[in-house]
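>>> Build me a model from this:
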Amino acid sequence: MYRKLLAALLLVGSTSVLADIQHAQLTFKRGDYEGAIKEFTDLGNAGNISAQLMLGALYSKGGGVPRDDKTAAEWFQKAALQGNIDAQFLLGNLYENSQLPQSYPQAAIWYQKAAQQGMAKAQVRLGHLFSHGLGLKQDYNEAILWYGKAALQNNAEAQYSLGLMYALGKGFPKNDQLAIGWLTKAASQSYADAELLLGDIYLTGAGTDKKPVLAYALYDLAIEHKTTTLKDAIKKRARLANDLSPEQLEYSKQLIAEFKKPGNFSKTIARYLEKSDQMFRFFPNK
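Residues are numbered from 1 along each chain as shown. Purely as a prediction, here's the structure:
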C-alpha cells in the first residue's frame, strides 16, 4: 500500500519538498529503513502531509518498521487534521479494524469527514455504521443517503448494500425490482455477494419469474469471485445442478462464458431476460 500511496503523493508539493520526499523514498528502496524513517519523520514533524501519510502507512503495515497502529494513527491524525481525505479515511479504518481498541464513534467521526469530501469508500463505511447502529444511532435513512452517494459513484459495495436493503425492506418498503436493479449494477463489477443474492432472487422468483438456469450461472460467478458465504454458495450450486437438465446446464455454462467477457455482464443478462420472457410460455423455468 505504501508504494501506491507514495506514488500519488509525489504528484503534489513544492519542488524542494518533492525532492526531499523522493530522497526519502530512495533511501527506503536502498534498504536503509532507519534512515528513511528519520527523513520521513523530520518532514512529517515539519507538517508535510505526504510524509505524515507515508509514515502512517508504513507503521500500519509494518513496512520497514514493526507494525504499530498507535503510531500510525498519530501520523494519520496529523494529516487528517489538515483536511487530507485519505488520512481521514485511513484513520477511521484504524479505529474500526486494527490493533487499536475498537472505537466505532471515532471511526464514524473520521469517516464522516472523508465522506463529506466525496470519498465513496468513506461513504460506504459511514452507511454501514448507520445501518447497523455502530458508534452512531441506527438510522436507515442516513444509511441510504450515504450508500446512495457512493452508489452513484459506481461503488459496487454501496450498490450491493442498497440492493440488499430494498430486498429486505430496510429503511424503505421492500421493492424487488429496485433490489434487482442495484444488485445487477454491483454484479456487473464482479461483486460476489451481489451475484449470490441475485442468484437467490432468480431462483425463487422474488419480484420476477423463476430462472434457475440464470441462477446457476450467477452462483458459479459468486463462487469464482469468492463470495463471503462461499460454502453456502457451493451447496446452492450443487443442489441446483441436480434439478437442471443436461441441456439447461449446458445453457448455463454458455451464459457463464458470456458473463466473463469484459464489460459484457449487463448486456448478457439483458439479452437473456429478453429471450427468456419471449420463450416463457413455451419453455417455463428456463
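>>> show me what contacts the residue most central in space within the chain?
Geometric centre of the chain, nearest residue: Glu157, 4.5 Å, by CA atoms, centre = their mean. By CB atoms under 8 Å, 6 or more residues apart in numbering, the residues touching Glu157 are Val124, Ala150, Ala186, Tyr191. C-betas here are computed from N, CA, C, even on glycine.
>>> for Thr184, same thing?
Counting by CB under 8 Å, 6+ apart, Thr184 touches Ala194, Leu198, Ser266, Ile269.
>>> From those, which land in helices?
Ala194, Leu198, Ser266, Ile269 (DSSP state H).
>>> and Asp69, how far is that from Gln106?
Plainly put, Asp69 is 13 Å away from Gln106 if you go by CB to CB, to the nearest Å.
>>> Give me the distance from the helix or strand containing the residue nearest to the centre of the chain to the chain's centre.
Assigned by DSSP states H and E, Glu157 falls within helix 156-168. Centre-to-centre, helix 156-168 and its host chain are 12 Å apart (CA atoms, centre = their mean, to the nearest Å).
>>> now do stretch 52-61
Put simply, stretch 52-61 sits 22 Å off its chain's centre (CA atoms, centre = their mean).
>>> Ramachandran angles for Asn154?
With angles defined as degrees, to the nearest 10, Asn154 sits at phi 70, psi 30.
>>> got a list of what it touches?
The contact partners of Asn154, by CB under 8 Å, 6+ apart, come to Lys185, Gln189.
>>> Report pLDDT for it.
Looking at Asn154, its pLDDT reads 98.
>>> mind checking how far it is from Lys231?
Distance of Asn154 to Lys231, given as CB to CB: 30 Å.
>>> Now the closest residue to His23 other than its chain neighbours: which helix or strand?
Of all residues beyond its chain neighbours, the one nearest His23 is Glu39 (6.6 Å), with distances taken as CB to CB, 6 or more residues apart in numbering. Per DSSP H and E, Glu39 falls inside helix 33-45.
>>> For the stretch 1-150 of the chain, which segments count as helices?
2-9, 15-29, 33-45, 49-61, 69-80, 85-96, 104-116, 120-132, 140-151 (DSSP state H, counting those that start in this stretch).
>>> Cool, thanks, talk later.
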